[in-house]
Structure formats: structure tokens, C-alpha cells
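Q: my questions are about this predicted structure, shown below with the sequence.
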Amino acid sequence: RNEYERYRREVLPIIDLLENDLREIFKQRRQHGWQTGYRRGNKISIKKRIQEQAGGIPSAESRAFQKREAPTEKDYAIGLLVDLSGSEAQGGKIEEVFKSVIVLSEVLNRLSINTAIYGFNDKFYTYQEFGQSIDSKTRDEIGGMIDVVDDAYHGMGGHYGSHTDIGWATTVASERLGKQ
């Protein structure tokens, strides 16, 4: 088994709890209501039409038709940007970061939130692009994050210090997010 599955089993209770907590929040914000008060439409408010009939309003003058409310915000798109520089090898930081990536990627994908997962050191890594569902191949690639950090650490001669350009990586990820 790869690293992803091993760590995923460890954090599965957290994934389930966070999914349940966030599902309600995202569900409430995504719901579109219906506005009543239109002379024509595809749906009619029975309650409103009964009130109109009781008030003597003929059907030709009815304002009981409904139209879908326009959403007040866009669908969500969330990008995760993970520091994969050699300094993340210090004190086991990458293992905790890796667990966080697993929790967030699993939860966001379960909730059908448009998600991207990127990593960076002196290179930019794409693990999951916006519009791509998480699958076993993606999980295997994400599972390689710890090796990327180990390689970066050993590539620095076993020193933790590096000159990772966080600004560059943030710009690249932000540009991709901006296209959503």
C-alpha cells in the first residue's frame, strides 16, 4: 500500500467528522430558492394562488408564478498549496502536513467542491487540477509528497535551510484559481 492509504486510514475519523460539519454549511449556501410574484413561469405557488382566489383575483392577473432565485455567490473552488521544500523534513512536519492534505482533499472531493492540490519547492507540482476528481492515480501521486520532501532535503546535503520562492508558487496557484 502507498503512503496515502496508510495515512488515510489513520485520519479517517477526522475526515468523516469534518465532512459532516461542512456538508451542512455548503448545502445551505448552495440551495437556490424560488421567488414568487411573477405573471408567468414554470412553477406556481399553490399557496399564493389560493390566497389570490380567496381575494377574487382572476387567473389572468395572477402573480403566483415562481422563478428560481439567482445564486448570490459562485460555486466554490479551493486550491491547496503545499510547501514541499527540504525544510519540511525537519521534526516530522511533512507527515502532519500530509495528513492535513489527505483530510482536506478527501472531504472537499466528497462534497464535490472543485479542488486543486499543488506542491512546490524549486519546482511546481500538480497533484489534482481543478475539475479533476480524485481517483487512485491521484491518491498515488499525492502519496509521493513525502518522498519529494525527502529528495529535496537530501538534495540540500541534509540541511534544512533553502530558498524556496513562496511568492512565485502562490502566484502560479492564484492564477489557476482565478480561472475558475
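A: That came through fine. Numbering: from 1, shown residues only.
Q: got the buried residues for the longest helix along the chain?
A: Scanning the chain for the helix with the most residues, using DSSP state H, yields helix 3-30. Neighbour counts over helix 3-30 (16 or more other Cβ atoms under 10 Å) mark 3-4, 7-8, 11, 15, 18-19 as buried. (Each C-beta comes from the backbone N, C-alpha and C, glycine too.)
Q: then stretch 108-121?
A: 108-109, 111, 114-121.
Q: same check, this time on stretch 82-91
A: Neighbour-count burial for stretch 82-91 [16+ other Cβ under 10 Å]: 82-89.
Q: which one of those is nearest Asp165?
A: The closest of those to Asp165 turns out to be Ser85 (Cβ to Cβ; 9.8 Å).
Q: quick check: the residue nearest to Ile142 when sequence neighbours are not counted vs Ile50, distance?
A: Spatial nearest neighbour of Ile142, excluding adjacent residues (Cβ to Cβ, 6 or more residues apart in numbering): Tyr127 at 4.9 Å. Distance, Tyr127 to Ile50, using Cβ to Cβ, to the nearest Å: 55 Å.
Q: give me the subset of the buried residues of stretch 82-91 lying in strands.
A: Counting by DSSP state E, the buried residues of stretch 82-91 place 82-83 in strands.
Q: quick one: Gly119 is in a strand?
A: Yes: Gly119: assigned to a strand according to DSSP: H, G, I helix; E, B strand; the rest coil.
Q: which of the helices or strands spans the residue of the chain most remote from its centre?
A: The outermost residue of the chain relative to its centre, with distances by Cα atoms, centre = their mean, is Gly56 at 50.9 Å. Assigned by DSSP states H and E, Gly56 belongs to no helix or strand.
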